[in-house]
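A.B. asks: Can you look at this prediction? I've put the sequence above it.
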Amino acid sequence: MPECRYPRIALVYMLPVALLIGSLFVGRYQTPVSAVVDESMKAFSSLFFGTPASVSTQHTVLFNVRLPRILAALLVGAALSTAGASFQGIFRNPLVSPYILGVGAGAGFGACLAILLWNNYLLIQLMAFAFGLLAMFLAISMGKASKGTGTLVFVLSGVIVNSIFTALTSLVKYVADPYDELPAIVFWLMGSLAAVRYGDLLYILLPMFVGALVLFLLRWRLNILSLGDEEAKALGMNVEKMRLIVIVCATLLTSAAVSISGVIGWVGLVVPHISRMIVGPNYSRLLPMSMVIGASFMLLVDDLSRTIVATEIPLGILTSLVGAPLFAYLIRRGRMGWN
């Protein structure tokens, strides 16, 4: 395990808070420090003491446009990285991502279908979440119905489910209106937090909280699962039951994240490896560190997406452009933090 340098690790845990504050200043609309402080004090006073809320343009930009998007980026990044770390542990594979069971493809199909049929933002979220869970249940059912054992059958089932939902998504794109529905489908699939509001965060808080809490309570069991099935059984663990619980909780996190952000790659794959380099493979430290670094990474990428050029760049493009070279660097340096 890498040497733990506690002061540096403490600084890493403070990073999301620092980035949250800094991100309030990031955007096309200029907001000086004095304005941010003043509007923050007014918002605090209105929330806790009932004073009249500010109706200024700066207040609207800071707390109705930027803040919900910042909070969404933190939640999505933390959820995807935590799910990725959990999946990598139970499958004992450093190349596993949160979409291993076809959850991303299922959620993408659900969102595309909602855009085609209703084009209602709330229904898009609900359909994406529901079909993400459906993909997981299909993969688990196929794995249990097969005669194989171990994690390989789940991986193969995930490949099948992913292929089916990818084909269905292509079918929806084929029949969609090329001038209205198709652009909306393509933009959603590439990932964005531009339309997120406070109400959207409320819908994902419960599944994210439940999934993260259970995984955190089971963090020491993840250490045992990562040793392998035979070793875990020798230590008295019900491997099939525990693996199923972890899969369900990690899928809750993934489906909730994808339902508001679209399909964003590389976060759940790269961040757990960076976290292992910092704190080692012990899940008691790895899960919290993955949450923190994932949230920080996602917020940085979202800040870049809305400031690099005049038009917003989809998050999936930026995470791929940043995550793929970073992953290649980790492989080249032999610092995956896996062993």
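C.D. replies: Here it is on my side, so go on.
A.B. asks: Contact partners for the residue most central in space within the chain?
C.D. replies: The chain has L80 as the residue nearest its centroid, 2.7 Å off, counting by Cα atoms, centre = their mean. Neighbouring residues of L80 by Cβ atoms under 8 Å, 6 or more residues apart in numbering: P98, L253, T254, A257, I264, V267, G268, V271, G294, M298. Backbone N, C-alpha and C define where each C-beta goes, glycine included.
A.B. asks: Poorly predicted segments of the stretch 51-200 of the chain, please.
C.D. replies: Residue ranges of the stretch 51-200 of the chain with pLDDT under 70: 147-150.
A.B. asks: same thing but 90
C.D. replies: 51-61, 63, 91-96, 119-121, 142-155, 179-180, 195 (pLDDT under 90).
A.B. asks: all helices of it, in order?
C.D. replies: With DSSP state H, counting those that start in this stretch as the criterion, the stretch 51-200 of the chain has helices at 57-59, 67-91, 103-117, 121-145, 152-175, 181-190, 198-217.
A.B. asks: mind giving me a markdown table with the contacts of L80 and columns for distance to Y329, secondary structure and neighbour count?
C.D. replies: Below are those laid out as a markdown table (distance: Cβ to Cβ, whole Å; DSSP: H, G, I helix; E, B strand; the rest coil; neighbours: other Cβ atoms under 10 Å):
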| residue | distance to Y329 | secondary structure | neighbour count |
| --- | --- | --- | --- |
| P98 | 22 | coil | 30 |
| L253 | 27 | helix | 30 |
| T254 | 25 | helix | 36 |
| A257 | 25 | helix | 37 |
| I264 | 20 | coil | 30 |
| V267 | 16 | helix | 33 |
| G268 | 18 | helix | 32 |
| V271 | 14 | helix | 29 |
| G294 | 18 | helix | 31 |
| M298 | 19 | helix | 30 |
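A.B. asks: between these, which is closest to A35?
C.D. replies: For those, the minimum distance to A35 (Cβ to Cβ) is 25.9 Å, reached by M298.
A.B. asks: Pretty sure the closest one sits against L71.
C.D. replies: No - M298 is beyond contact range of L71, at 11.1 Å (criterion: Cβ atoms under 8 Å).
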